[in-house]
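S.K.: 3D, please:
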Amino acid sequence: MQSFRTEIENPVVEKDIIELANKIELFHNGKIDEEKFRSLRLARGVYGQRQQGVQMIRIKLPYGKVKSNQLKRIADVADEYSTGRLHITTRQDIQIHYVSLDRTPELWAQLEKDDVTLREACGNTVRNVTASETAGIDPNEPFDVSPYADAVFSYFLRNPICQEMGRKFKVSFSGTDQDTGLSYMHDLGFIAKINNGVRGFKVMLGGGLGSQPRHADELYSFLPSEKIIPLMEGVLRIFDRHGERKSRAKARMKFLIKDIGVEAFKKLVEEEQTAIPHQTIEIDAVGYKAAIPVQTDSVPEVAVENEKAFELWKKNNVIPQKQPGYVAIGIKVLLGDFYTDKARLLADLVENYAAGEIRLSLRQNILIPFVNQDLLPLFYQELQKLGFVDPGYNKAIDITACPGTDTCNLGIASSTGIAAELERILKAEYPQYLDKDDLVIKISGCMNACGQHSMANIGFQGMSIRTKDKLVAPALQVLLGGGNLGNGKGQFADKVVKIPSKRGPEALRRILNDFEANAEDKTFMKYYQDKGQMYFYELLTDLSSVDNLTPDDFIDWGNEEKYVKAIGVGECAGVVIDLVATLFLESEEKIDNAKASFANKVYSDAIYHAYSALINSAKALLIAENIKTNTHAGIVSQFDEVFVTSGKVTLKESFASKVYEMKKNPPTEEFALRYIETASKFLEQVQHYRMAEVENG
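M.R.: Next up is the predicted model:
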């Protein structure tokens, strides 16, 4: 094993990074199954890129808050290990690309020097906790949701209940009833409310995008703030146990809710509360370290050269704050991409003249809070030097797009190329949309909807299209009529027509021209609802024809080569692994983790590690018998059926009785010790069974 060293003071973080380094070496040596290694690296923010041999690294930035020192650290890392380009995601993360897998542990160690993590930025974990970028400064918010988002992030980071779920889990916080955190499309969404002077949240459950968007259900109209973490822990435990694991396409929370219903799910969560260590968790909103604006002794005198441009910028990019005398400045970041040289200068600017932090937005932009109104000329001048004063922050002209086929393994067609072209058209031909904030355009390179196209007023999804001669060209699915209605309500867009990608600009022109001519004072959503899906199908259907394609139609946006539909190839271990032995090894690691948690007196974590070991050990024997496993609950019942009831494995009671003690007992020291012993003895028993089976051939 390589002797990798870090300079991290936090022993938990250091252990995590060293483990990644060790597992990379084992993977290279063919000693870890590819799927298991993929799970481990994804949970540490390391994501395979479309280009072979390099990785995309996702940097997890809770609710999009980035301090100036952290931004500088990220810039240094991007220069050292990547290409110097920073990409803001629709989940308020930053991604960097073209990183060598072998260098990811040292990259991570560098980031942690300024408390920046990769942990659980990808994979089947609780992903980044997102929130309204105006949290803490919005004049309409009942309270700042930042402390609550921060507490949820901290509580579930490295929490054993959410390390190896069937699929990812997404959480959002909205500061107002405008629901700018988009609760209706999240696994769990929280909207700030005050009820009789008590802080709390409206709770939405089971939303999601992807190929089958689902609107979240209302779980609670009001839940006191001290209940949100225990609730989420119960939700995660049930999702971990009952969520689909075999078919990734059906493994999200939304499918589990659809199958069993919200009331049945709610009952399971309530029954789980006995096993949860704390029935209430008070979140210290008073002690939360909120941004503090810099006090300037004097205001630098700045002469603005173009007063008209300055006023247009103020109109479109400056946002009032609830704090008197301060405003926030929105920076429109084209496609969410900016570079390290600008990042460092921006970090210096906010450190010297604002509050030393920025916020990343769900629309891939940057917000600078706590700017003294008197400093607006200075900020305009300095941001202009960086090319950061384009008007249109969060307006129609501000198009959201995922990376698509630029770097993503799953991309089918270009999203960034078409997005840039559509923005050019809007600026040149529809300048009135520069300050229109009730029209939202979003683009994704595939059905997975990282660009959130299915909740846009006008959405485009990357696809491919085939001619009668079996030639393949890049295409776009046009979706219309989606949008955020506020307070946990939203509308998903309808699929209207599929067209060759190069006809995307013409489709946008027809849609906007029709809207301009006929909508009068209606919003686009209302106009679309009045006209209906077939009206727009008739408007656009001739663009779908593939009988008259030109050579240019076979070249995707932003490319020069002929289009080839290709899903990126993942890494290959190149060695056949004994998966059963690997599962047993992981069970041993989980029991070691349980013992470590027990020694630290974190008994709930110890119990869950032991639970995971029990499930893993049973799964190993089932796989050895070529029995496919699906859910954790399914593994428990299958093991009883195949091994216990048949008498192949002798237990004093059913396997289910052993396993489900974890939900019937509070997480006491006594029970944790007993449950760890149960897991250890069970692992030893099934290992002996497996050895005997192998020896007997």
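
S.K.: from what I can see residue 55 touches residue 45, true?
M.R.: No: Residue 55 is beyond contact range of residue 45, at 9.3 Å (criterion: CB atoms under 8 Å). Every residue, glycine included, has its C-beta placed from N, CA and C.

S.K.: Contact partners for residue 642?
M.R.: By CB atoms under 8 Å, 6 or more residues apart in numbering, residue 642 lies in contact with 622, 625, 627, 648.

S.K.: out of those residues, which is most surrounded?
M.R.: Counting neighbours by other CB atoms under 10 Å, the top entry in those is residue 622, with 19 neighbours.

S.K.: which SSE is the nearest residue to residue 405 once chain neighbours are set aside in?
M.R.: Using CB to CB, 6 or more residues apart in numbering and skipping residues adjacent in sequence, the residue nearest residue 405 is residue 411, 3.8 Å away. Assigned by DSSP states H and E, residue 411 falls within no helix or strand.

S.K.: By mean pLDDT, which helix or strand of the chain comes out lowest?
M.R.: Every helix and strand of the chain was ranked by mean pLDDT, DSSP states H and E. The lowest is helix 34-42, at a mean of 84.

S.K.: In that one, which residues are buried?
M.R.: 34, 36-42 (16 or more other CB atoms under 10 Å).

S.K.: Return the distance of it from the chain's centre.
M.R.: Its chain's C-alpha centre and that of helix 34-42 lie 18 Å apart, by CA atoms, centre = their mean, to the nearest Å.

S.K.: other SSEs contacting it?
M.R.: Packing partners of helix 34-42 (3 or more CB pairs under 8 Å, 6 or more residues apart in numbering; DSSP states H and E): helix 11-28.

S.K.: Can I get the helix it packs on in PDB? Just the C-alpha atoms.
M.R.: Only the C-alpha atoms of helix 11-28 are listed here, as PDB (Å, rounded to 0.1, in the frame of the first residue of the first chain):
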ATOM      1  CA  PRO A  11      -8.200  13.000  11.600                       C
ATOM      2  CA  VAL A  12     -11.500  11.900  10.200                       C
ATOM      3  CA  VAL A  13     -10.900  13.900   7.000                       C
ATOM      4  CA  GLU A  14      -7.300  12.600   6.800                       C
ATOM      5  CA  LYS A  15      -8.400   9.000   7.200                       C
ATOM      6  CA  ASP A  16     -10.900   9.500   4.400                       C
ATOM      7  CA  ILE A  17      -8.300  10.900   2.000                       C
ATOM      8  CA  ILE A  18      -5.800   8.200   2.800                       C
ATOM      9  CA  GLU A  19      -8.500   5.600   2.200                       C
ATOM     10  CA  LEU A  20      -9.200   7.000  -1.200                       C
ATOM     11  CA  ALA A  21      -5.500   6.800  -2.100                       C
ATOM     12  CA  ASN A  22      -5.300   3.200  -0.900                       C
ATOM     13  CA  LYS A  23      -8.400   2.100  -2.800                       C
ATOM     14  CA  ILE A  24      -7.100   3.700  -6.000                       C
ATOM     15  CA  GLU A  25      -3.900   1.600  -5.600                       C
ATOM     16  CA  LEU A  26      -6.000  -1.600  -5.000                       C
ATOM     17  CA  PHE A  27      -8.100  -0.800  -8.000                       C
ATOM     18  CA  HIS A  28      -5.100  -0.400 -10.200                       C
END
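
S.K.: distance between it and the chain's centre?
M.R.: Here helix 11-28 shows a centroid-to-chain-centroid distance of 23 Å under the convention CA atoms, centre = their mean.

S.K.: Skip ahead from the helix or strand in which residue 191 is found and say which helix or strand is next.
M.R.: Per DSSP H and E: residue 191 is located in strand 188-195. Next helix or strand after strand 188-195 toward the C-terminus (DSSP H and E): strand 198-205.

S.K.: then that next one to CSV, C-alphas only?
M.R.: Presented in CSV, the C-alpha positions along strand 198-205 are these (Å, rounded to 0.1, in the frame of the first residue of the first chain):
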residue,chain,number,x,y,z
VAL,A,198,-42.2,29.3,15.8
ARG,A,199,-39.8,28.8,13.0
GLY,A,200,-40.4,25.8,10.8
PHE,A,201,-40.8,24.6,7.3
LYS,A,202,-43.3,23.3,4.8
VAL,A,203,-41.9,19.9,3.8
MET,A,204,-42.1,18.5,0.3
LEU,A,205,-41.2,14.8,-0.4
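
S.K.: Give me the local confidence score for residue 576.
M.R.: In this model, residue 576 is scored at 38, pLDDT.

S.K.: cool, residue 622 as well?
M.R.: Predicted confidence (pLDDT) for residue 622: 93.

S.K.: Can you give me the domain boundaries for the protein?
M.R.: Per automatic domain parsing, the structural domains of the chain span 11-112, 130-275, 307-385, 400-554, 579-695.

S.K.: and the ones you listed as CSV, adding distance to residue 118?
M.R.: Formatted as CSV, the domains of the chain follow (distance: least, CB to CB, whole Å):
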stretch, distance to residue 118
domain 11-112, 3
domain 130-275, 11
domain 307-385, 16
domain 400-554, 17
domain 579-695, 20
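
S.K.: do you know which of those lies nearest residue 289?
M.R.: Closest approach to residue 289 among these is made by domain 130-275 (9.1 Å; CB to CB).

S.K.: Report the rounded mean pLDDT for that closest one.
M.R.: 96.

S.K.: Could you pull up the residues touching residue 126?
M.R.: By CB under 8 Å, 6+ apart, the residues touching residue 126 are 120, 156, 159, 162, 169-171, 236.

S.K.: Next, it: phi, psi?
M.R.: Dihedral pair for residue 126: phi -80, psi 110, per degrees, to the nearest 10.

S.K.: returning to that earlier point: pick out whichever of the contacts of residue 642 sits closest to residue 99.
M.R.: Nearest to residue 99 out of the contacts of residue 642 is residue 622 (CB to CB; 36.9 Å).

S.K.: what about the closest one, which SS state?
M.R.: Three-state call for residue 622 (DSSP: H, G, I helix; E, B strand; the rest coil): helix.

S.K.: can I assume it is in contact with residue 635?
M.R.: Yes: with contacts defined as CB under 8 Å, residue 622 counts as touching residue 635 at a distance of 6.6 Å.

S.K.: so what sits against both of these two?
M.R.: Shared contacts of residue 622 and residue 635, counting by CB under 8 Å, 6+ apart, come down to residue 629.
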